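*Asks:* sharing a sequence plus its predicted fold:
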Amino acid sequence: MEKEIRALKQALAKANRVAALTGAGISAESGLPTFRGADGLWRNHDVMQLATPEAFSMDPKLVWEFYNWRRNLISGLTFNPGHKALVDLEAGIDHFTLITQNVDGLHLKAGSKNLLEIHGNLWKVKCTKCQTVTVDMSSDMGPLPKCKECGGLLRPQVVWFGESLDYGLLNRAVEAARACQLMLVIGTSAVVQPAASLAFEAKAAGAVVAEINLEKTPNSGIMDFVLLGKSGDILPKLLEHRP
Ligand code: BJW
Ligand code: ZN
């Protein structure tokens, strides 16, 4: 492992275009449950069944309860050494793009700048009637929050299954993947598309690809480096003795 870390550090030192793709695993050490881990259940609901437009139209109160529970949880948490290491990495690299699937806002809180939140942000809400998007940092939005402009039902400004990602953001993510010399893929199970294909885009364009995860994923086979362990331990090590 130490040898691999040394080799990846060398590859990083040579790269001035770097992209990182993060998933729920990077926030796990902040105290946030992942989606598909053993704790991927909320009150006996598979969280994947709540993150759909169908669930919201059938039972918006239940879906809002789930998002209010997460708002409340996240408002008491903060970023961890993994998030912080990516901020420090960005500071030393000419072209650094952080692509995150996370909606928790912890990369922003840590200070990441060139950040693409491709699955949205849980602290933003969108009116289902007039489509107005607003930021609301309340830790509890109430059972069925309403739009201040038109009274329509609000929804979290996140991307649910079956919904399209924001075209502009996805485009920038694909461009960053194709243009980078090195991509770090951190704490994602790599099963959700189109995010999971970004590593393939990078690899196909000639980049070095490195995965940091507790366990192997369906993408491990294409990786030049697979570093198994906690991102909060491994990422800071990549920064040690960096000029
Ligand atoms: C650690 C750690 C530590 C733990 N350190 N590591 C092509 C083929 C097949 C299907 C599709 C396809 N294209 C589209 C689809 C459909 C669908 C999809 O991908 N389905 C698959 C599941 C089969 N995709 C979509 O619907 C997307 N839309 C789309 O493509 O539109 C066009 C279209 C639609 C329909 C058909 C075709 C095209 C939208 C996807 C939206 C995903 N939304 C969610 C919810 C967001 C809102 C919210 O959070 O509330 O996004 S689902 C959920 O999964 C969330 C996450 O961002 C996402 C990814 O999960 P992630 O981050 O990987 O978390 P986990 O829990 O899975 O993994 C954590 C990892 O961390 C694990 O590996 C651990 O080991 C590791 N870990 N602790 C390091 N300390
Ligand atoms: Zn409205």
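*Replies:* Sure, I can see it. Numbers count the residues shown, from 1 in each chain. Ligands and ions are numbered 1, 2, ... in the order given.

*Asks:* least trustworthy helix or strand in this protein by mean pLDDT?
*Replies:* Ranking every helix and strand in the chain by mean pLDDT, DSSP states H and E puts strand 41-42 at the bottom, with a mean of 76.

*Asks:* adjacent strands (with direction) for that one?
*Replies:* strand 45-46 (antiparallel) (DSSP bridges).

*Asks:* what about the closest residue to Ile93 other than its chain neighbours, neighbour count?
*Replies:* Excluding the flanking residues, the one nearest Ile93 by C-beta to C-beta, 6 or more residues apart in numbering is Val18, at 5.1 Å. Any C-beta I mention is one placed from the backbone N, CA and C, and that applies to glycine too. Neighbourhood size, Val18 [other C-beta atoms under 10 Å]: 24.

*Asks:* bridge partners for Val18, pull those for me.
*Replies:* If you apply DSSP bridges, the partners that Val18 bridges to are Phe96, Leu182.

*Asks:* how about it, what does it touch?
*Replies:* 12, 89, 93, 95-97, 180-184 (C-beta atoms under 8 Å, 6 or more residues apart in numbering).

*Asks:* hmm, 10 Å instead?
*Replies:* By C-beta atoms under 10 Å, 6 or more residues apart in numbering, the contact list for Val18 reads 11-12, 89-90, 92-98, 176, 180-184, 207-208.

*Asks:* drop anything exposed from those residues.
*Replies:* 11-12, 89-90, 93, 96-98, 176, 180-184, 207-208 (16 or more other C-beta atoms under 10 Å).

*Asks:* and the residues you listed, which is closest to ligand 2?
*Replies:* Ligand 2 lies nearest to Leu98 out of the buried ones among the contacts of Val18, by C-beta to the ion, at 31.2 Å.

*Asks:* is it fair to say the closest one lies in a strand?
*Replies:* Yes. Assessed with DSSP: H, G, I helix; E, B strand; the rest coil, Leu98 lies in a strand.

*Asks:* touching, it and Gly82? I think so.
*Replies:* No. Leu98 is not in contact with Gly82 according to C-beta atoms under 10 Å; the separation is 11.8 Å.

*Asks:* what residues do those two have in common as contacts?
*Replies:* In contact with both Leu98 and Gly82: 22, 107, 110, 186, using C-beta under 10 Å, 6+ apart.
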